[in-house]
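[1] next come a sequence and a model predicted from it.
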Amino acid sequence: MEKGIAITGMGIISALGEGVETNLQALLSGNTGLSFPEILNTRHKHLPVGEIKLTNPALAAQLALPELHNFTRAALLGAVAVREALKMAGLQENDLQHTGFISGTSVGGIDFTERYYKEFQQKPEYRKFIQAQHPGFTSTQIADHFRLGGYRTTISTACSSSANAIMLGAKLIKHGKLKRVVVGGTDCLSKFTLNGFNSLMILSSDFCKPFDEDRNGLNLGEGAGYLVLEADDVLDGKPVLARISGYANANDAFHQTASSENGEGAFLAMKNAMISAKLNASEISAVHAHGTATKNNDLSESTALNRVFGDSVPDFRSTKAFTGHTLAAAGGLEAVFSILSLQNNLTFPNLIFVTPIKETGLIPVVHLKEKVLTHVLSNSFGFGGNCSSLIFSKNE
Amino acid sequence: MSNKIYINGISSISAQPQEVFLGVDPVEYSTNIIPAISPDYKAFIPARSLRRMSKVVKMGISAARTALLDASVPMPNAIITGTGEGCKQDTELFLEALLRQEEALLSPTAFIQSTHNTVGGQIALYLKCTGYNSTYSQVSASVEAALIDGMMQFLEHPEYKSVLVGGVDEVSKTISSFLYLDKQLKQEEVSNLQLFKEHSEGSITSEGAHFFSLSSERSSSTYATLQAVTVFQASNAEAVEAEMIQFLVDNEMPVAKLDLVILGNNGDSRFDYFYAHLQEEVLNETAQIAYKHLVGDYNTVSGYALWLACSIFRMGKTSSIFKLNKKEVQSPKSILIYNQYLGRDHSFILLKSI
């Protein structure tokens, strides 16, 4: 197997709470973070969401931002998670000068665009948020805030964005382009995405039921998850949380929003990630599934799991019923969950599961399960056919 | 890096006819938001699909297809797209309906096509390409980010023969007009051809698509080798100069041997000093050309600069309309492209002739 790229820090904020420890406790307790919109100003108050119950001013105060800052909600959430990751990795100011920042986001600051769209004309004070609509703006705010001076870029491949950001960071370290890089993603709830998914009729008005025969759609969430990756020659004895030992990205090339019946993109992403890690299917201890709880995704992903693993599909779960689907941030959040799984030898439960999907019969882990884990494969799939799989491994 | 990367296919959709670089008269525009000249999309996309597509998707698929045809590549190993502002027309449609209808009775069509990876996904769908697929959206360094990943594909997968890389952005009615409000655009309407004579804040904007078929193998259609690409942040012109010198040293290209530089001057009195400093100092003896007075400025316009560089390598010359100084160069052997936007996301692309 490949030794992989060292992960030395991680940070997270999700509907389960702020910080790695809080998220771990929530996953252990099996309590969902899903609720109903209180902060998001929408008329769809009946739709469950994974909303972080901190207002923008509260988040800004936490980050000690000046009064006239340019942070939209995704930037605020991202900065909270990046701060924790940097602290855990113990990076010093002179390290940060050359540290890269690769961030995934789907809609960036569109929450401010929808708020001020009709007011930009009249109110000059809002015009600093005109550029916030575009993904690079959010990354710029976060990278500037922490003075991350290395290569900076933004990936926007819908719901696989942060998985692709993690993949790019690993490649940049592997090929010697960077010594240190912060990777992950952030997305906030917005009327734009809530109404978009609602118009597609793939939002559930119940708490979502990933991999259940009676699943009826997803719940949107918000959050941010970031990792610090470092090259082995700058580790200097620092503790390594886990390693990224494999990754792959493939395209389903089937439909703009729907996944193919045979899960070709998901199949290729998982299979090629194992090839890149030089691991056999039997060596994967657990799968952190994308599992959005839409009819289409979960069937397609289950079919792909059966194709990759045959009769011995490893323990798998989706955590979407804990956090909601955090879109571009999902790969970042679930990287943190996968690393927590490896560190604690725990497979977190797939909440609210009752009946297996008829066509595939797969049963996810429904109760917290203790078992030695060595390699966890994490899936993130998105609109546009973008499918990515990452393999996290114990640092052994 | 020992592996060479060749550019074997190119394409351009912009506000100018391609022949401008050979001396055909450029199109003069008198507004600060300029539409791209549409090719015959029907040559690339079935008519029934065309109806549903926004311009960014039509331009993207057409340009991608053209670059692959130019390189005689039926199926690339990977597709990597840059777009600074993505699918603005569909975003605008959905957002305005959402606001107008107060979140009720919305059609999903525009939302479905609003994500930034729509173009990359549609190219994959059109080609039935299940290979690596990613989309970068880092303001004015989105094409550069796609190129950086594209070059790394050949390190990751030595067996890869072809990676399709490009950039695309479109204008939209309302969202593009916001650029006047935050002074990204000049407040007075100007002629594009007079852009460098205006001494005012802001620039002009446009849209376009540029794709490139990268390969590890030289072919009869090779235009150039892609030597190196870098993206960085810099707060002043001296820092850019230092970065440029280091970049050239790292790539064994002394400034004195650099034949041509393509600069991103956009007539914005607040930021053109980044270019002026290089023009007057370290690149004083180098032939300098610019292009944004022809095709406007937008997040993926450096795709035009890259297309222009490849075209110059092929033809050995360019039209005087591009020239910023009097230095003449015939059949350049090396070209450097420098771009930045609003003082951020600076980038260099270095190319060599074959």
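    Perfect, I can see it now.

[2] for chain B, give me its nearest residue in chain A.
    Here chain A gets closest to chain B at one residue, A:G384, 2.6 Å apart by C-beta to the nearest C-beta. Where you see a C-beta, it was placed from the backbone N, CA and C, and this is true even at glycine.

[3] could you measure from A:S285 over to B:S172?
    As defined by C-beta to C-beta, to the nearest Å, A:S285 lies at a distance of 48 Å from B:S172.

[4] and what of A:G176?
    To B:S172, A:G176 is 41 Å away according to C-beta to C-beta.

[5] same deal with B:N117?
    Distance, B:N117 to B:S172, using C-beta to C-beta: 18 Å.

[6] same deal with B:F154?
    Noted for B:F154: a distance of 35 Å to B:S172, by C-beta to C-beta.

[7] can you check A:G90 too?
    Where B:S172 is concerned, A:G90 sits at a distance of 45 Å (C-beta to C-beta).

[8] these two: who's more crowded?
    Taking other C-beta atoms under 10 Å in any protein chain shown, A:G90 and B:S172 do not tie; B:S172 has more neighbours (21 against 13).

[9] leaving out chain neighbours, which residue sits closest to that one?
    When the adjacent residues along the chain are set aside, B:S172 lies closest to B:K88, with 3.8 Å between them (C-beta to C-beta, 6 or more residues apart in numbering or on different chains).

[10] residues near that neighbour, how many?
    Around B:K88 there are 25 other residues, counting by other C-beta under 10 Å.

[11] pull the longest helix from the chain.
    No chain was given, so I picked chain A. Using DSSP state H to assign secondary structure, the helix with the most residues in chain A is helix A:73-89.

[12] was after chain B, sorry
    If each helix of chain B is counted by residues according to DSSP H, the longest one is helix B:55-71.

[13] is chain A contacted by that helix?
    No. Among the residues of helix B:55-71, none lie within reach of chain A under C-beta under 8 Å from any C-beta of the partner chain; the closest is 9.7 Å away.

[14] can you show me the CA trace of the helix or strand following that helix as PDB?
    On the C-terminal side of helix B:55-71, the closest following helix or strand by DSSP states H and E is strand B:78-82. Once non-C-alpha atoms are left out, strand B:78-82 reads as follows in PDB (Å, rounded to 0.1, in the frame of the first residue of the first chain):
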ATOM      1  CA  ALA B  78      -9.300  14.100 -18.100                       C
ATOM      2  CA  ILE B  79     -11.400  17.300 -18.400                       C
ATOM      3  CA  ILE B  80     -10.500  20.300 -16.300                       C
ATOM      4  CA  THR B  81     -12.400  23.500 -16.600                       C
ATOM      5  CA  GLY B  82     -11.900  26.900 -15.100                       C
END
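
[15] what packs against strand B:78-82?
    Using 3 or more C-beta pairs under 8 Å, 6 or more residues apart in numbering or on different chains; DSSP states H and E as the contact definition, the elements that strand B:78-82 packs against are helix B:118-127, strand B:132-136, helix B:142-156, strand B:162-169.

[16] elements contacting the second one?
    By that I understand strand B:132-136. Judged by 3+ C-beta pairs under 8 Å, 6+ apart, the packing partners of strand B:132-136 are strand A:152-155, strand A:242-251, strand A:386-393, strand B:78-82, helix B:118-127, helix B:142-156.

[17] helix or strand right after the lowest-mean-pLDDT helix or strand in chain A?
    Across the helices and strands of chain A, the lowest-confidence element by mean pLDDT, DSSP states H and E is helix A:93-96, at a mean of 94. Following helix A:93-96 in sequence order, the next helix or strand is strand A:100-104 (DSSP H and E).

[18] can you list the strands that that next one pairs with?
    strand A:152-155 (parallel), strand A:180-187 (parallel) (DSSP bridges).

[19] and the strands in chain B?
    B:6-13, B:78-82, B:132-136, B:162-169, B:208-215, B:224-232, B:260-263, B:287-290, B:334-341, B:344-352 (DSSP state E).

[20] in TSV: those strands, plus mean neighbour count.
    What follows is the strands of chain B, written out as TSV (neighbours: other C-beta atoms under 10 Å in any protein chain shown):
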stretch	mean neighbour count
strand B:6-13	26
strand B:78-82	30
strand B:132-136	31
strand B:162-169	31
strand B:208-215	30
strand B:224-232	22
strand B:260-263	25
strand B:287-290	23
strand B:334-341	25
strand B:344-352	22
